[in-house]
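1. Here is the input, now give the coordinates:
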Amino acid sequence: MKLNKIIPIIIILSIVGFIIYSLQGSQSGEGYLDEIKKHRKEKDNLIMNEGAPFAGKANEFTGLKYFDIDPYYRISASLKPIKDKKVVRLSTNDGLENRYLEYAWAEFAINNKKCKLLILEIMEPGPDRGTLFLAFADETSARETYGAGRYLDIKKVPGSSSVLLDFNKAYNPYCAYSDSFSCPFPPKENILNVSIRAGEKVYH
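-> Numbering: from 1, shown residues only. Okay, here's the model as predicted:
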């Protein structure tokens with residue numbers, strides 16, 4: 001093969017190799033630990049912003065509490081769309097209700113136990129309308145974690161058959177720190193009979 005044909009092939013292979021290496025690096029143990037540490041540091045900063053529970057109370061804030069980072073709880077779940085979607089009303093800690101639309105089921109397994117979580121779509125007017133909402137409780141709730149459950153941020157990817165559930169990023173609603181905030185409770189379908197020892201612990 002002539003040299004002028006070999007060089008482009010080498011360049012293409014090098015580019016492909018670099019892309020694969022970059023993608024793998026982002027999922028590697030070291031890279032993943034750094035990602036979660038950065039995420040948690042950002043959470044510590046956000047919770048002291050204006051409108052957050054510790055706004056103007058930096059001297060009282062001792063830092064959010066977390067389980068050790070465990071890649072086992074970073075799960076690619078099967079996404080099962082719901083055809084005949086119904087409106088779901090979730091009670092809040094201050095006696096109100098929020099309306100959501102059923103979106104899909106996330107099915108996965110933890111410690112050899114099959115689990116599924118109901119993902120909802122926000123219906124209430126405002127900037128979050130149309131985004132996804134996932135609240136859950138598990139066997140750590142009211143023990144090691146906030147008794148009224150925790151939340152996970154989910155990205156909407158139309159047409160996808162899977163969804164990433166990274167429980168290392170599970171976080172408490174604001175009402176876990178102050179009763180002045182209104183937070184919806186998880187739907188009964190999302191009360192799991194497994195312990196998810198990942199993400200944020202109870203603060204107090």
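2. Please work out how many residues are found near Lys57.
-> Number of residues near Lys57 (other Cβ atoms under 10 Å) recorded here: 13. Yep, even glycine has a C-beta here, placed from its N, CA and C like the rest.
3. That one: which element?
-> For Lys57, there is no helix or strand it lies in under DSSP states H and E.
4. which residues does the nearest residue to it once chain neighbours are set aside contact?
-> Leaving aside its chain neighbours, Lys57 sits nearest to Met48 (7.4 Å; criterion: Cβ to Cβ, 6 or more residues apart in numbering). Shown in contact with Met48 (Cβ atoms under 8 Å, 6 or more residues apart in numbering): Phe54, Ala55, Lys57, Ala58, Phe61.
5. again, but for Leu152
-> Leu134, Ala135, Phe136, Leu165, Asp166, Phe167, Lys169, Ala170, Tyr171.
6. Among the residues you listed, which ones are in strands?
-> Among the contacts of Leu152, DSSP state E puts Leu134, Ala135, Phe136, Leu165, Asp166 in strands.
7. Give the partner strands of the strand ranked longest in the chain in its sheet and their orientations.
-> The longest strand of the chain (DSSP E) is strand 97-110. Strand pairing for strand 97-110, determined by DSSP bridges: strand 74-81 (antiparallel), strand 87-91 (antiparallel), strand 113-122 (antiparallel).
8. got a list of what Glu189 touches?
-> Counting by Cβ under 8 Å, 6+ apart, Glu189 has contacts Lys116, Leu117, Leu118.
9. Can you give me the pLDDT of the closest residue to the first one other than its chain neighbours?
-> Of all residues beyond its chain neighbours, the one nearest Lys116 is Glu107 (4.6 Å), with distances taken as Cβ to Cβ, 6+ apart. The confidence metric pLDDT takes the value 98 at Glu107.
10. what about Glu107, distance to Val88?
-> 18 Å (Cβ to Cβ, to the nearest Å).
11. Now do the buried residues in the longest strand of the chain.
-> Asn98, Tyr100, Glu102, Tyr103, Ala104, Trp105, Ala106, Phe108, Ile110 (16 or more other Cβ atoms under 10 Å).
12. Sweet, I'm off.
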